Structures are given as structure tokens and as C-alpha cells.
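structure, please.
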Amino acid sequence: MFWMPVWLSIKTSLLSSMITFILGTAAARWMSRRRFAGKTAVETLLMLPLVLPPTVVGFLLLVILGRNSWVGTAAEWLFARPVVFSWGAAVIAAIVVSFPLVYQSMRVGFESVDDELEDSARSAGAGEWQVFRWITLPLVRRAAVSAYILAFARGLGEFGATWMVAGNIPGVTQTLPTAIYVAVSNGDSRLAWAWTGMIVLFSWLLLAASGTGRGPRKRD
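Reported below is the predicted structural model:
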């Protein structure tokens, strides 16, 4: 009983952070190298979940993925079950709310890369994948690590959108934040403190791993 929300939170955060990292990195790479009309509007749309209340994000996901939408209907036909109020819905909610953090971190990282370094590699005969693998990625490594950890931490702490679209089903969608809310509502402060301690510990370890709070390295 105690460990089930912990396991579900870790499982949800692991999967959602991996998917978010791939999508956010691809979007950031593409947007950092393109100039087109309406780019500001597209970037605003990509960053919107960062400023919207989580319950609003959850409501929109509920409308999009519900049985009355073509997306929800197609997904239900494909998976033989509704998407909403399932573990998959919790993963989707975590992906949506954490995407802006990955996108913003990786976009800044990509824009900090000197174009001349990539162009020099291309002129030496390197293909686009080789340039990305051997030139760009090493230069944005720190941004990539921070982006992934932020995505994992955001998914771990997601509450509002998850509650709206995935609900609070013990053993299925009950993650640590929703479990803490229920424990407090039931007056079980001991259980609430235990779960709160777990999520604080996880968050502290993630921030420590990302190097948040470290000052800039001194150069000799």
C-alpha cells in the first residue's frame, strides 16, 4: 500500500521524461535552426503548458482524449480501452506539463552552439547525424542533463493535470502527489508526512544531480 504510489510515480516519471526529452530536443533543434513567419506564435503554443494552471491543462486533455473526441475514440479502438483514467493518461499529463521545460532548456543550449563549428564539420564531409552526434551533443551535454532531470522532477510532482485526466485510482493512477492529497483529506498526517518525505528526498537528489545551485566554474 505504502510503496505503490512511490512505484507508480517513478514509473510514470521515467517513461514520461524519456518521451518528453526526445520530443523536446527534436522540437528545440528544429526551432533553433529555422526562421519562418509565425515562429513566435508556435513557440508561445509550445510554452503554454508552463503558465497554464495544471487543472486547465488537465481539462483540455480530458476533452481531447475523452470518448466524445475523435482522438479518444481512435485510441480506445486501438488499445481496446479508454485512455482517460488510465496509467497512460497519467504519463500523457506528465509529458504535456514537462515539455516546455525540456524545450526551453534545449533551445537555449542549441542556440549557444557556434554555427561555425558545425559548418566546419560539414565542410570536412560530416553528415548531419555525425555533426549532431559528435559536435552538437557534446556542446549541449549540460543543458541536456538539466533538461532531462527537470522533466523527471516535473513529472514526479505533477498533480492537477493528472488528477483531472487520470484520476486517483489506487494501484493504477495514484501517484505520490495524489496519494498525499488523499491522505491529508482523510486526516492521516503520518502517511502524508511519509510520502511527503519521499518526494522531498527524490526532488533533493534530482536537484543535487543536476548541479543546481553551483556557481560557475573558475577558469585557471
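
need the longest helix for this structure.
Longest helix in the chain, counting residues (DSSP state H): helix 3-32.

pLDDT (mean, whole number) over the helix or strand following it?
Using DSSP states H and E, the helix or strand that directly follows helix 3-32 along the chain is helix 39-51. Helix 39-51 shows a mean pLDDT of 92 in the predicted model.

likewise for stretch 136-154?
Per-residue scores along stretch 136-154 average to 91.

where do the helices sit along the protein?
Under DSSP H, the chain gives helices at 3-32, 39-51, 54-65, 70-79, 87-111, 115-123, 128-131, 137-139, 141-157, 160-165, 176-185, 189-210.

ok, back up a step: counting contacts, what elements does the longest helix of the chain pack onto?
Under the contact criterion of 3 or more CB pairs under 8 Å, 6 or more residues apart in numbering; DSSP states H and E, helix 3-32 touches helix 39-51, helix 87-111, helix 141-157, helix 176-185, helix 189-210. For glycine as for every other residue, the C-beta is placed from the backbone atoms N, C-alpha and C.

orientation of the second one relative to helix 70-79 in degrees?
By that I understand helix 87-111. Angle between the axes of helix 87-111 and helix 70-79 is 110 degrees (criterion: axes from the mean of the first three to the mean of the last three CA atoms, to 10 degrees).

how about helix 87-111: buried residues?
Buried positions in helix 87-111, judged by neighbour count with 16 or more other CB atoms under 10 Å: 87-107, 109-110.

and the nearest residue to residue 46 once chain neighbours are set aside, how far is that from residue 114?
Nearest residue to residue 46 in three dimensions, chain neighbours excluded: residue 103, at 5.6 Å (CB to CB, 6 or more residues apart in numbering). Distance of residue 103 to residue 114, computed by CB to CB, to the nearest Å: 21 Å.

please work out which of the helices and strands packed on helix 3-32 is packed deepest.
Using mean count of other CB atoms under 10 Å, the stretch among the helices and strands packed on helix 3-32 with the largest mean neighbour count is helix 87-111, at a mean of 23.

now that one: mean pLDDT?
Rounded mean pLDDT across helix 87-111 is 94.

could you give the angle of that helix to helix 176-185?
Using the same axes, to 10 degrees: helix 87-111 against helix 176-185 is 130 degrees.

so helix 87-111 versus helix 54-65, what angle?
Using the same axes, to 10 degrees, helix 87-111 lies at 110 degrees relative to helix 54-65.

centre of the chain to helix 87-111, how far?
4 Å (CA atoms, centre = their mean, to the nearest Å).

for the closest residue to residue 23 other than its chain neighbours, what are its contacts?
Closest residue in space to residue 23, ignoring its immediate chain neighbours: residue 99 at 6.5 Å, by CB to CB, 6+ apart. Contacts here follow CB atoms under 8 Å, 6 or more residues apart in numbering; on that basis residue 99 touches 20, 23-24, 46, 49, 151.

do that again at 7 Å, thanks
By CB atoms under 7 Å, 6 or more residues apart in numbering, the contact set of residue 99 is 20, 23-24, 49.
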